[in-house]
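Novice: Fold the following.
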Amino acid sequence: MSNDQNSAIEPWLQTLWDQGGSDLLLSAGSPRESEVDGKLRTIDGAQNLTGEQIDDIAKPLLTDGQRTIFDEQLDVDFAFSWG
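Specialist: Coordinates of the predicted model:
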């Protein structure tokens, strides 16, 4: 992950890690959420993201195939290594 990508998503990943969570959910117009023990938790203190902001954050992390799925379905599950 490049520094620009890292700086945008790093605080949310750290919160996810601190909570012992397994997934970070980003959805346009909704608060960011983490999944902890199978339950969704809103990440406090974060404004809702626009679709464009999510594109800027998430698309650089996706493979070409995942980008195609995201563009077609406006949704994609993916994983990457952090820290």
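Novice: which stretches of this structure form strands?
Specialist: All strands of the chain, identified by DSSP state E, fall at 23-25, 33-36, 39-42.
Novice: Let me know which of the ones you listed is the nearest to residue 80.
Specialist: Between residue 80 and the strands of the chain, the shortest separation by CB to CB is 10.7 Å, and it involves strand 23-25. Every C-beta, even on glycine, is put in place using the N, C-alpha and C of the backbone.
Novice: neighbouring contacts of the closest one?
Specialist: With contact meaning CB atoms under 8 Å, 6 or more residues apart in numbering, strand 23-25 is reached by 9, 12, 13, 16, 32, 33, 34, 35, 40.
Novice: The fifth one: what's it in contact with?
Specialist: Meaning residue 32. Residues in contact with residue 32 (CB under 8 Å, 6+ apart) are 12, 24, 25, 26, 42, 43, 46, 49.
Novice: which stretches of the chain form helices?
Specialist: Counting by DSSP state H, the chain has helices at residues 3-19, 51-58, 64-73.
Novice: between the ones you listed, which one is nearest to residue 83?
Specialist: Smallest distance to residue 83 across these (CB to CB): 7.3 Å, for helix 3-19.
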